[in-house]
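Participant: all I have is the shape, not the residue letters:
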Ligand code: ZN
């Protein structure tokens, strides 16, 4: 297993971690400068942040700083109540793939969606089996486009507490079954983004990581699971402050061949988003070296 204790060259910052600082929204250009000041070599930005800052400007700023991407957040949200909605979702995914290419991302992360409308408070239908079929078809179509562009797709299984609103793919096994069905040749163009927050509890985690292997493990997201958790979405903990055995899980993915970044992804309305970006980034670096 790689030794992270001496430097943070394998640390990536998911820009959601510092998108709010001292309670205020911060633009991506400022976040990239802060990451550069802290010697961070990679980030994973969100589409809305990139759109607000300007795609070409972001690409140029990253090049100027020599900062790469560990992923691009995010595509997905395939299910829709009708054909027009399905088509619109697919076209949006094609745009996300093109943006990821412009930013030279190693993969586009997919949060696949579930019951359409549920995120806004009113599901247009309640058949999660139908949602899963629409997700499968959506990934299949996206993959065809992604192959032409040369942009790998990383399915992110989400914790089942988010099965209604955000993703009907909830375990690594389920994600890998889709990978095997759509990409049986294991081409490197379809894999998973493994986020410890979503999968740490899974009794099949170690076994499924071994099944995934190097080619399917496209991204690795870290944070921690707090007890108690006060909010289903925005109460993620800093690594070391919760119950996830981070080094054990990293040992498993590295045994499977993963040698990429550990990307810190923390949504934290009540804690880290109330602190300064400097404090949050310095803590990410310190914890990366000591507990990741
Ligand atoms: Zn994640």
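Facilitator: Ah, there it is. Predicted model, so just to flag it, every value in this text is computed and none were measured.

Participant: going forward, measure contacts and count neighbours with C-alpha atoms only.
Facilitator: OK.

Participant: which other helices and strands does whichever helix or strand residue 133 is part of contact?
Facilitator: With elements delineated by DSSP states H and E, residue 133 resides in helix 128-149, which encompasses its position. With contacts defined as 3 or more Cα pairs under 8 Å, 6 or more residues apart in numbering; DSSP states H and E, the packing partners of helix 128-149 are helix 83-102.

Participant: geometric centre of this protein: which residue is closest?
Facilitator: With distances taken as Cα atoms, centre = their mean, residue 109 lies nearest the centre of the chain, 5.4 Å away.

Participant: bridged to that residue, which residues?
Facilitator: residue 73, residue 154 (DSSP bridges).

Participant: from residue 244, how far out is it?
Facilitator: 22 Å (Cα to Cα, to the nearest Å).

Participant: and for residue 162?
Facilitator: Residue 162 is 19 Å from residue 244, by Cα to Cα.

Participant: go on, residue 270?
Facilitator: Distance of residue 270 to residue 244, computed by Cα to Cα: 20 Å.

Participant: just checking, residue 41 touches residue 68?
Facilitator: Yes - Residue 41 lies in contact with residue 68 (Cα atoms under 8 Å); the separation is 6.3 Å.

Participant: now the helices for this structure?
Facilitator: For the chain, applying DSSP state H gives helices covering 28-37, 47-53, 55-65, 83-102, 128-149, 172-182, 196-199, 205-216, 246-255, 277-290.

Participant: next, format the ones you listed as TSV and append mean neighbour count.
Facilitator: Listed next are the helices of the chain as TSV, based on neighbours: other Cα atoms under 10 Å:
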stretch	mean neighbour count
helix 28-37	18
helix 47-53	16
helix 55-65	15
helix 83-102	18
helix 128-149	18
helix 172-182	19
helix 196-199	21
helix 205-216	19
helix 246-255	17
helix 277-290	19
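
Participant: in TSV: those, plus mean pLDDT and distance to residue 114.
Facilitator: As requested, the helices of the chain are arranged in TSV below (pLDDT from 0 to 100; distance: least, Cα to Cα, whole Å):
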stretch	mean pLDDT	distance to residue 114
helix 28-37	98	28
helix 47-53	98	20
helix 55-65	98	28
helix 83-102	98	12
helix 128-149	98	5
helix 172-182	98	14
helix 196-199	98	16
helix 205-216	98	23
helix 246-255	98	27
helix 277-290	98	31
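
Participant: quick one: closest of these to residue 157.
Facilitator: Residue 157 lies closest, by Cα to Cα, to one member of those: helix 172-182, at 6.0 Å.

Participant: list of residues touching the closest one?
Facilitator: By Cα atoms under 8 Å, 6 or more residues apart in numbering, the list of residues contacting helix 172-182 from outside reads 136, 140, 155-157, 169, 186, 190-192, 194, 199, 204-205, 208-209, 212.

Participant: what angle do it and helix 128-149 make?
Facilitator: With axes from the mean of the first three to the mean of the last three Cα atoms, to 10 degrees as the basis, helix 172-182 and helix 128-149 are set at 60 degrees to each other.

Participant: from here on, call the first residue 11.
Facilitator: Fine by me, first position is 11 from now on; the one you just mentioned is helix 182-192.

Participant: verify the stated contact: residue 141 with residue 127.
Facilitator: No - taking Cα under 8 Å as the definition, residue 141 is not a contact partner of residue 127, at 11.6 Å.

Participant: on that earlier part again, next, the angle from the helix holding residue 143 to helix 93-112.
Facilitator: Using the same axes, to 10 degrees: helix 138-159 against helix 93-112 is 40 degrees.
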